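1. Got a predicted model here, sequence first, then my questions.
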Amino acid sequence: MPATLQRRLRGGRWVVEFFHQVDDPHSHLAVQCLAGLRRNYDVDLRVYLVPAPAFTDNPSAGTYLTWARRDVADVAAGYGMRFEDPGEQPPAALVDKARAILSAGLTRASFPELAHSVGEALWAANGAALDELAGRHGADTDAAARAREDIGRERREQLGHYSGGMFHFAGDWYWGVDRLLHLEARLAELGAIVGAPPPLAPRPALQWPRDRVAAAQIRVECFASIRSPYTAIVLRRLLEWADVAGVTLELRPVLPMVMRGVPLSRSKSFYILSDTAREADRAGARFGRLIDPIGVPAERALSLWPWAKSRGRGERYLLSCVEGAWADGIDLGSDHGLARVVERCNLSWAEARRQLAGDAWREEVEANRETLYGMGLWGVPSFRVTGPTPEHGSWQGWGQDRLWRLAREAAERADQVVSTEA
């Protein structure tokens, strides 16, 4: 529905809908922005409680939730917020209690503050604090609270999404604090801004090591897929950052998720493409003329990876492939298309053609997948930072929107080397 029509139908006010999943860490981070959203913009905020997404959209409950807790704990401070990973999900009884409290307060103006307080108590597994909140604010019965979740689930499905922690406005979806900047920009564009407030959750800037010699001791691994639109819009920026920073970068390609048995629903596919487009626009990355390289095209392109790497063109070749498929409309399944991505890396297509029949690439790509899964991750692009010594352990993260976090980790590790040697 066009934004102007939506506004007319809502009595002249903009409506932002938020879908809160009680036991979702990303939802907890997002509720910390609700009060500011209501304060800084002339909008009606409507909140729905929703259940966890079906695992047709995620690999497994345990894997996904473990990653979510670690991810939120890792980035919260960068957004000026807080979350501590307790190492496990809250007990079911406390989740039920939290749901009941939030259900009772769902339509109150004080809901943002209540949701924050309830989330703090829940993630601290503080049953006494939840009891105190229930006593002050009330609590619905479990049946009533779950009925409210059903209403939220139905509304979410009606609007075409699947996840918690999501904002919806004028036909577009925004995932938690990581996409709040896009929502704020849209509201400002439509004149819904009150005064001139700063963004509620600006994305942190990239950091750079002070010393390239020290930075060379820091290893950055990037797990990438030729079929990943998110990889396509971040790989060039990653390569440019690594070149200037001086870190040791290793690209580790894997097969596309659906070719590894990770399910991907239609609604998730649509969201990923629309989200990638606006992220690309924000970053100045090329994206939009695409030919999906699923299946044989991805395998053909990957079969040339070891050869291109042996010729010192591995990084350029992988970049040429992903930008070819997602920005230039090149069919990687055809000889003509594959020749284009090869030759623009100053490589020989005649030589490349002789590599297409080989299977040597499969062992390396499978080893990369096993390493990725061993890190507790499954999507791409994913990153791991290690060094300067094994004793420093590793940092890992997932998502093109975590480039800032990767850069900060690498810079801090490199700067530690400088401080130690000074």
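-> That came through, no problem.

2. domains for this structure, by residue range?
-> 3-189, 212-421 (automatic domain parsing).

3. The longest one: how far from the chain's middle?
-> If I follow you right, that is domain 212-421. Put simply, domain 212-421 sits 15 Å off its chain's centre (C-alpha atoms, centre = their mean, to the nearest Å).

4. Next: stretch 185-200.
-> Chain-centre distance of stretch 185-200: 24 Å, with C-alpha atoms, centre = their mean.

5. which outside residues touch it?
-> If you take C-beta atoms under 8 Å, 6 or more residues apart in numbering as the criterion, stretch 185-200 is touched by 3, 14, 16, 33, 36-37, 39-43, 169-170, 172, 177, 180-181, 184. Any C-beta I mention is one placed from the backbone N, CA and C, and that applies to glycine too.

6. buried ones in it?
-> Using 16 or more other C-beta atoms under 10 Å as the test for burial, stretch 185-200 gives 186, 187, 190, 192, 193, 200.

7. Out of the domains of the chain, which is closest to residue 205?
-> For the domains of the chain, the distance to residue 205 is smallest for domain 212-421, at 6.6 Å, taking C-beta to C-beta.

8. For that closest one, the averaged confidence score.
-> In this model, domain 212-421 has a mean pLDDT of 95.

9. before we move on, back to that, for the buried residues of stretch 185-200, give me CSV that also has distance to residue 207.
-> Below are the buried residues of stretch 185-200 laid out as CSV (distance: C-beta to C-beta, whole Å):
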residue, distance to residue 207
186, 28
187, 29
190, 34
192, 33
193, 30
200, 22
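
10. If we only consider those, which is nearest to residue 281?
-> Among these, and counting by C-beta to C-beta, the member closest to residue 281 is residue 186, at 12.3 Å.

11. that older thread, pipe the domains of the chain into JSON lines and attach distance to residue 206 per row.
-> Shown next, in JSON lines, are the domains of the chain (distance: least, C-beta to C-beta, whole Å):
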{"stretch": "domain 3-189", "distance to residue 206": "12"}
{"stretch": "domain 212-421", "distance to residue 206": "4"}
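
12. And residue 317, how far from residue 343?
-> 11 Å (C-beta to C-beta, to the nearest Å).

13. Of these two, give the one with the bigger neighbour count.
-> The neighbour comparison of residue 317 against residue 343 (other C-beta atoms under 10 Å) goes to residue 317, with 22 against 13.

14. Return the residues in contact with that one.
-> Residue 317 touches 304, 305, 308, 309, 341, 342, 345, 347, counting by C-beta under 8 Å, 6+ apart.

15. Which SSE is immediately downstream of the strand or helix carrying it?
-> Here residue 317 sits within helix 314-326, counting by DSSP states H and E. Under the assignment DSSP H and E, the closest C-terminal helix or strand after helix 314-326 is helix 335-343.
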